[in-house]
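Chemist: Mind looking at a prediction? Sequence and model below.
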Amino acid sequence: MLIRKLDPKSFVRAYNADLQEVYPWEGVVSPPYGAVWAVLRPGETSKSHAHQECESFFIASGRGRIKIGQEEALLEPGDVTFHRPFDEHELTNVSDTEDLFFLDVYWEQKELWTDPEGELAGEAAPVGQGPVTAEGVERVLVTSAAPTPNGDLHLGHLAGPYLCSDIVTRYLRLRGYDAHYGAGTDDNSWFVQSLSEELGLTPQETADRFYDEISETLEMAGVHRTLAPQPNKDEHHVEIIQECFTRLLEKGHLVEREAPLPYCEACDLYLFEPTIRGRCAHCGGAVTGHTCEACGWHNDPSELLDPECTRCGAAAGSRDVKRFFFPLSRFTRELQVHHRFTPSSPRFRAFCEHVLEQGAPDIAVTYPADWGVPVPVEGYEDQRMWSWFELGPRYFNYARLMAEELDLEDGYQEYWRSPTSRIVRLIGFDNSFYDGLLLNAVYLAYDPEIRLPAAYIVNELYRLDGKKFSTSRNHRIMGRDLLAVAPRDAVRYFLAYDGPEREETNFTLERFQDTVRRDLAEGIQGWLSGVAERLADDFDGTVPATGDWIDYHRRFFHRLQEHLEHAAEGYQPESFSLHQVTAVISDLVREARRFGRGERYWKLVETRSQENRTGIALELLAAKVLALIAAPIMPDFAGRLWQALGFDDGGPGDGSWDTALEWLESGKTLDGLDQDFFPGLAEYLETAQAP
């Protein structure tokens, strides 16, 4: 007889509970399920989590409260729970004195991994959240980190939020959503003021100069912004920012406090943002300003290690100054729930959860300065609001401007509260603290019913020849310089192919040229030239109707369906991956080219003319699918191909994704399929011009 005793000395701590394994029983039996005894101490709550196994709790003693998704229930001895795969759940011991003792049994049952509608099983997002492409969603506002107008955009900037914002917006429009991209500049950044002193300009003159340069570069790259406001040239901007500040102050969410601030005696200057450098208090990395690019943490100027003045290099002293602080920790629970259910990169989500677990800090939102939005409080005439705080309510202004543009009735509420609208935010990882935590907490403090972003698309750092892009060391390639010598579709394609999605990537000019030569000049152009030649030789340039099918035709058609699905997954904000989409483009072209080479031989058999028609019709359909999949990344190419396939609207239009597998009109003569779809690319590659 084998008996396994309950032994508190064998308990291990996991999921915030004390556990002793029952099955598998080493050396005895390994059943198709696992089981553990579990003890939840008085007043404690298990870690909220989800996993792929089915699970049941058998309550032996004590009383608890189970939460599965948004449902809760009290449990007593004899009760048994059941959790479906991927259900988010937690158990709380409601007693202050008695342990909650239960048996936990779990097993894998893959047929339950999807619900009856075929969606991944698991808890629904809380009310007010939900996927960007959920049923009923009509309108999407895409926003990105505001570029600071203290310089033009280099490729490291372009490969991040700006190009990706344009691409995801174009895709959403192809799917029929009323999607718009808005991104003004961060004119009131103190980095702009610092540069203006070097240039001998006013801060606004500096902001205007680089606003124009940034706008020109984005236009050269084909990045379209519906909204591109300059804050200080919008009559409502200061009003909106000050109204938000006043509302938070009245609700008790801004705290007045006297605290030390680094000070340079030699320069007679308080040190913050561009005037201070030191080492990060969290990882020890070098920091100029408040943000550590290495680990993403925000450093209050008083926390920096070895702080010194960037103007004279002297070690910083300190003086106490009264300022307003925003207690970020008050919104810990709401932010934890938000990030648990909102798609983003693993590093971004882990960073936000880590900060919240460690204890979110109080954030100074006003500083002694003479550039920026004035603090609307008597006695603070010599202070301005920190530009990162200003960026929060700025997004309300984006929605207000968009509401005016589209003639919406409810202003910002149409985007920030309506169940038919969603917000998508694109950022670089170094802005995680602000976009993931600070700005969201400001929104919640302003209005608890506000709908936070439905998805975050986060990029990592892009390097150049193995080193960080650097303006000061002139280690950079400016976006406009590469776009001046290479076709913009080639630049857009490579940045999508090579951009820093989940990890840092490295731009080299050689890889750029090799990739666009292989994938565009030889791959896409080579295949389409072959299709044009075959259509002209075998069908006089006229689109045939399909004829007889063989199994190979059916498999190729299903592969086109799969390519569409995989591309859509890569474009969806919840699972955004341009690496995946460019891989789909490459695979589609390679498979279509191989398919077409085989289909050529049917013309040798007179009785197989019907199969020959089906083959070329499928290749032309593949070209149409390619035009749609490529359109968000390479809009110029897609427009040329769309017209060459006989469509008259200049390029894939809003909502046209769902027509992808509709056949080209038979009997129509195509006379543009033999064109150069990437004008200037061959010449660029031949001369190998360097920017």
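Modeler: Great, that's in hand. Numbering: from 1, shown residues only.

Chemist: partners of H154 in the sheet?
Modeler: On the basis of DSSP bridges, H154 is bridged to M478.

Chemist: Identify the residues contacting it.
Modeler: By C-beta atoms under 8 Å, 6 or more residues apart in numbering, the residues touching H154 are F469, T471, R476, I477, M478, G479. For the C-beta atoms, the positions are set from N, CA and C on the backbone; glycine is no exception.

Chemist: ranges for the helices of the stretch 101-250 of the chain?
Modeler: For the stretch 101-250 of the chain, the helices defined by DSSP state H, counting those that start in this stretch cover 155-157, 163-174, 190-199, 203-220, 237-250.

Chemist: For the contacts of H154, I'd like a selection string for ChimeraX - just the buried members, please.
Modeler: In ChimeraX, a selection of the buried entries from the contacts of H154 looks like this (16 or more other C-beta atoms under 10 Å):
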select :469,476,477,478,479
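
Chemist: Using PDB, list the CA coordinates for the helix-or-strand element of the chain with minimal mean pLDDT.
Modeler: Here the helix or strand of the chain ranked lowest by mean pLDDT, DSSP states H and E is helix 413-416, holding a mean of 74. Only the C-alpha atoms of helix 413-416 are listed here, as PDB (Å, rounded to 0.1, in the frame of the first residue of the first chain):
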ATOM      1  CA  GLN A 413     -15.400  61.500 -26.200                       C
ATOM      2  CA  GLU A 414     -16.100  60.100 -29.700                       C
ATOM      3  CA  TYR A 415     -12.600  58.600 -29.400                       C
ATOM      4  CA  TRP A 416     -11.900  58.300 -25.700                       C
END
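
Chemist: want to throw the contacts of H154 into CSV with distance to E235 and pLDDT?
Modeler: Below are these laid out as CSV (distance: C-beta to C-beta, whole Å; pLDDT from 0 to 100):
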residue, distance to E235, pLDDT
F469, 36, 74
T471, 33, 64
R476, 36, 83
I477, 38, 90
M478, 33, 92
G479, 31, 94
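
Chemist: Which of the contacts of H154 sits closest to I585?
Modeler: G479 (22.3 Å; C-beta to C-beta).

Chemist: Could you report the distance from the closest one to F469?
Modeler: 11 Å (C-beta to C-beta, to the nearest Å).

Chemist: Return every residue with contacts to both of the two.
Modeler: Common neighbours of G479 and F469, using C-beta under 8 Å, 6+ apart, are H154, L155.

Chemist: which residues does P635 contact?
Modeler: By C-beta under 8 Å, 6+ apart, the contact set of P635 is R170, G222, D489, G651.

Chemist: pLDDT score assigned to T614?
Modeler: As predicted, T614 sits at a pLDDT of 84.

Chemist: Show me the chain divided up by domain.
Modeler: Domains of the chain are assigned by automatic domain parsing as 8-112, 138-254+330-485, 512-687.

Chemist: Looking at those, which is nearest to D306?
Modeler: domain 138-254+330-485 (19.9 Å).

Chemist: residue ranges with poor pLDDT in this protein?
Modeler: For the chain, the stretches with pLDDT under 70 are 114-129, 409-413, 470-473, 601-610, 688-691.

Chemist: Could you report the distance from E662 to K624?
Modeler: 8 Å.

Chemist: Who has more neighbours out of those two?
Modeler: Shown here are E662 and K624; by other C-beta atoms under 10 Å, K624 has more neighbours (24 against 10).

Chemist: which ones are touching the more buried one?
Modeler: Neighbouring residues of K624 by C-beta under 8 Å, 6+ apart: W642, L645, A660, L664.

Chemist: Also F429?
Modeler: G296, S345, R347, F348, F351, V458, N459, E460, L461.

Chemist: For the domains of the chain, give me JSON lines that also has distance to K322.
Modeler: Below are the domains of the chain laid out as JSON lines (distance: least, C-beta to C-beta, whole Å):
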{"stretch": "domain 8-112", "distance to K322": "39"}
{"stretch": "domain 138-254+330-485", "distance to K322": "8"}
{"stretch": "domain 512-687", "distance to K322": "42"}
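
Chemist: Please work out which of those domains is packed deepest.
Modeler: Stretch with highest mean neighbour count among the domains of the chain: domain 138-254+330-485 (a mean of 20; mean count of other C-beta atoms under 10 Å).

Chemist: end-to-end on it?
Modeler: With C-alpha to C-alpha, to the nearest Å applied, domain 138-254+330-485 spans 39 Å between its terminal residues.

Chemist: chain center to it: distance?
Modeler: Relative to the mean C-alpha coordinate of its chain, domain 138-254+330-485 is positioned 13 Å out (C-alpha atoms, centre = their mean, to the nearest Å).

Chemist: picking that back up, E381 is nearest to which of the helices of the stretch 101-250 of the chain?
Modeler: Judging the helices of the stretch 101-250 of the chain by C-beta to C-beta, what sits closest to E381 is helix 237-250, at 13.4 Å.

Chemist: Give me the helices and strands touching that closest one, please.
Modeler: Helix 237-250 sits against helix 387-406, helix 439-446, with contacts defined as 3 or more C-beta pairs under 8 Å, 6 or more residues apart in numbering; DSSP states H and E.

Chemist: Name the residues that touch the last one?
Modeler: It refers to helix 439-446. 244, 247-248, 251, 253, 326, 328, 330-331, 334-335, 338, 360, 388-389, 391-393, 395, 416, 450, 452-453.

Chemist: strands paired with the helix or strand following that helix, and their directions?
Modeler: The first helix or strand that comes after helix 439-446 along the chain, using DSSP states H and E, is strand 455-459. Next to strand 455-459 in the sheet, as set by DSSP bridges, lie strand 421-428 (parallel).

Chemist: following the partner strand, which helix or strand shows up next?
Modeler: Counting by DSSP H and E, what follows strand 421-428 is helix 432-433.

Chemist: Give me the residues contacting that next one.
Modeler: Here helix 432-433 has contacts from T291, G296, W297, H298, F348, F351, C352, V355, V458, using C-beta under 8 Å, 6+ apart.

Chemist: mind checking how far the first one is from F272?
Modeler: It stands for T291. Counting by C-beta to C-beta, the gap from T291 to F272 is 12 Å.

Chemist: before we move on, what about the fifth one?
Modeler: Using C-beta to C-beta, one obtains 25 Å as the distance from F348 to F272.

Chemist: same question, the last one
Modeler: Applying C-beta to C-beta, the value for V458 to F272 is 26 Å.

Chemist: same check, this time on V531
Modeler: On the measure of C-beta to C-beta, V531 and F272 end up 60 Å apart.

Chemist: Equivalent analysis for R279, please.
Modeler: R279 sits at a distance of 16 Å from F272 (criterion: C-beta to C-beta).

Chemist: same thing with E378?
Modeler: Separation of E378 from F272 (C-beta to C-beta): 23 Å.

Chemist: can you check Y552 too?
Modeler: Here Y552 is placed at a distance of 67 Å from F272 (C-beta to C-beta).

Chemist: Phi, psi for G278 please.
Modeler: Note on G278: its backbone torsions stand at phi 180, psi -150 [degrees, to the nearest 10].

Chemist: Quickly list what it is bridged to.
Modeler: Residues in a beta bridge with G278, per DSSP bridges, are V287.

Chemist: pretty sure it is touching L305, no?
Modeler: Yes. With contact defined as C-beta atoms under 8 Å, G278 reaches L305; the gap is 5.5 Å.

Chemist: okay, which residue is most central for the chain?
Modeler: Centroid check for the chain by C-alpha atoms, centre = their mean gives I457 as the closest residue, at 0.4 Å.

Chemist: For beta bridges, what are the partners of that one?
Modeler: Per DSSP bridges, residues listed as beta-bridge partners of I457: L426.

Chemist: about what we covered before: could you dump the helices of the stretch 101-250 of the chain into TSV with distance to P229 added?
Modeler: Output for these, formatted as TSV (distance: least, C-beta to C-beta, whole Å):
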stretch	distance to P229
helix 155-157	19
helix 163-174	15
helix 190-199	16
helix 203-220	10
helix 237-250	8
